[in-house]
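Student: Sequence isn't available, so here's the structure alone:
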């Protein structure tokens, strides 16, 4: 009986080994490549994308270089600013808003690691722009990132998800901001704005009745609203009780434009990032402005103290 049992167990073990040899499961790199090949075929990208083979090796990343950029090659200590869009292959996470998706910092601090490698190996220069397909093992791995269920759109990137990203390394931030503002004015159908010599835009919709001009030394009472150029709200003053500000504490673009009005005025102001918060992010009562954010302010001036 004992010998029969041993024989049966041996045969069972041989059967398991045979099954494993008949069906070899792919490792994560092979799985990612299968996903990328299928994704490219489904989206008509097969002939347009190249495989990254930098340094004689391959990251498994595919890319399409849209603009090669120029200047000194970027390295890990390089300080860079870029905007991006991102979409997971399953389509459950997709953010195409380049007013929000900003990065400012060292190239070596970029996450995920696949994007850092793509900046170093593919984009390489300021002004470069590329579409990049990043394998999941160089993205957020098997755990994914974010909070909530993986079925919640734009709330979480699920595990083992490859990424489809378009990234643009900003070469001239001032020129980029000016183009963003002009595109915003055109697409929103805005009229009646005047551009200052510094690159701020303003429109006085109600002329003030006050006699005291606003200066850098003034204190104003006002209601206001601050938005990004995707029309997402960042901050707002109380609509029933005016908020008090020292004009000297306000960002340069707002100071410049407020000095063109008096008490009682209503003014709309659009400013580039260099006249706003620059390379730092700003948290408000309703949201956050990222680094290098162009912004739109709406002010109603209720009182001015010289």
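Tutor: Thanks, I have it. From a predicted model like this one, the values you see are computed outputs, not experimental measurements. Numbering: from 1, shown residues only.

Student: Now do the buried residues in stretch 180-191.
Tutor: 180, 181, 184, 185 (16 or more other Cβ atoms under 10 Å). In this view, the C-beta of every residue, glycine as well, is placed from N, C-alpha and C.

Student: typo on my end, stretch 261-279
Tutor: 261-263, 265-278.

Student: what does the average pLDDT come to for that stretch?
Tutor: Average pLDDT, stretch 261-279: 97.

Student: now do the same end-to-end measure for it.
Tutor: 29 Å (Cα to Cα, to the nearest Å).

Student: likewise stretch 41-60?
Tutor: Note: stretch 41-60 ends 16 Å apart using Cα to Cα.

Student: Repeat that for stretch 70-82.
Tutor: One end of stretch 70-82 sits 15 Å from the other (Cα to Cα).

Student: right, and residue 202 touches residue 271 too?
Tutor: No. Checked against Cβ atoms under 8 Å, the pair residue 202 and residue 271 is beyond contact range at 9.0 Å.

Student: what's the overlap in contacts for these two?
Tutor: Common contacts of residue 202 and residue 271 (Cβ atoms under 8 Å, 6 or more residues apart in numbering): residue 257.

Student: what does stretch 179-198 contact?
Tutor: 99, 199, 201-203, 229, 252-253, 256-257, 268, 270, 272, 275, 294.

Student: same check, this time on stretch 79-87
Tutor: Against stretch 79-87 from outside (Cβ under 8 Å, 6+ apart): 74, 93-98, 101-107, 119, 126, 163-170, 173, 279, 291-292.

Student: Buried only: go through those residues for me.
Tutor: Judged by 16+ other Cβ under 10 Å, buried ones among the contacts of stretch 79-87: 74, 93, 98, 101-104, 107, 119, 126, 163-170, 173, 291-292.

Student: Which of the residues you listed fall within helices?
Tutor: Counting by DSSP state H, the part of the buried ones among the contacts of stretch 79-87 found in helices is residue 173.

Student: okay, now the domains of this protein?
Tutor: 28-171, 174-305 (automatic domain parsing).

Student: avg pLDDT for the longest one?
Tutor: For domain 28-171, the mean per-residue pLDDT is 94.

Student: so how far is that domain off the chain centroid?
Tutor: Centroid separation for domain 28-171 versus its chain: 12 Å, with Cα atoms, centre = their mean, to the nearest Å.

Student: so the closest residue in space to residue 229 that isn't next to it in sequence is in which element?
Tutor: Spatially, and ignoring its direct neighbours in sequence, residue 229 is nearest to residue 184 (4.5 Å; Cβ to Cβ, 6 or more residues apart in numbering). Per DSSP states H and E: residue 184 is located in helix 173-187.

Student: now residue 59
Tutor: With DSSP H and E as criterion, residue 59 is part of no helix or strand.

Student: how close does it get to residue 26?
Tutor: 17 Å (Cβ to Cβ, to the nearest Å).

Student: the more surrounded of these two?
Tutor: Using other Cβ atoms under 10 Å as the criterion, residue 59 and residue 26 rank with residue 59 on top: 22 against 10.

Student: so who does the more buried one touch?
Tutor: Counted by Cβ under 8 Å, 6+ apart, residue 59 has contacts 52, 114, 117, 118, 121, 135, 138.

Student: Taking these, please make a ChimeraX selection of just the buried ones.
Tutor: In ChimeraX, a selection of the buried entries from the contacts of residue 59 looks like this (16+ other Cβ under 10 Å):
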select :52,114,117,118,135,138
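
Student: Arrange the contacts of residue 59 in JSON lines, one row each, with secondary structure and distance to residue 189 as further columns.
Tutor: Listed next are the contacts of residue 59 as JSON lines, based on DSSP: H, G, I helix; E, B strand; the rest coil; distance: Cβ to Cβ, whole Å:
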{"residue": "52", "secondary structure": "coil", "distance to residue 189": "42"}
{"residue": "114", "secondary structure": "helix", "distance to residue 189": "39"}
{"residue": "117", "secondary structure": "helix", "distance to residue 189": "42"}
{"residue": "118", "secondary structure": "helix", "distance to residue 189": "37"}
{"residue": "121", "secondary structure": "helix", "distance to residue 189": "42"}
{"residue": "135", "secondary structure": "coil", "distance to residue 189": "42"}
{"residue": "138", "secondary structure": "helix", "distance to residue 189": "42"}
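
Student: so which two of the contacts of residue 59 are the farthest from each other?
Tutor: Spatial extent of these (Cβ to Cβ) is set by the pair 121 and 135 at 13.9 Å.
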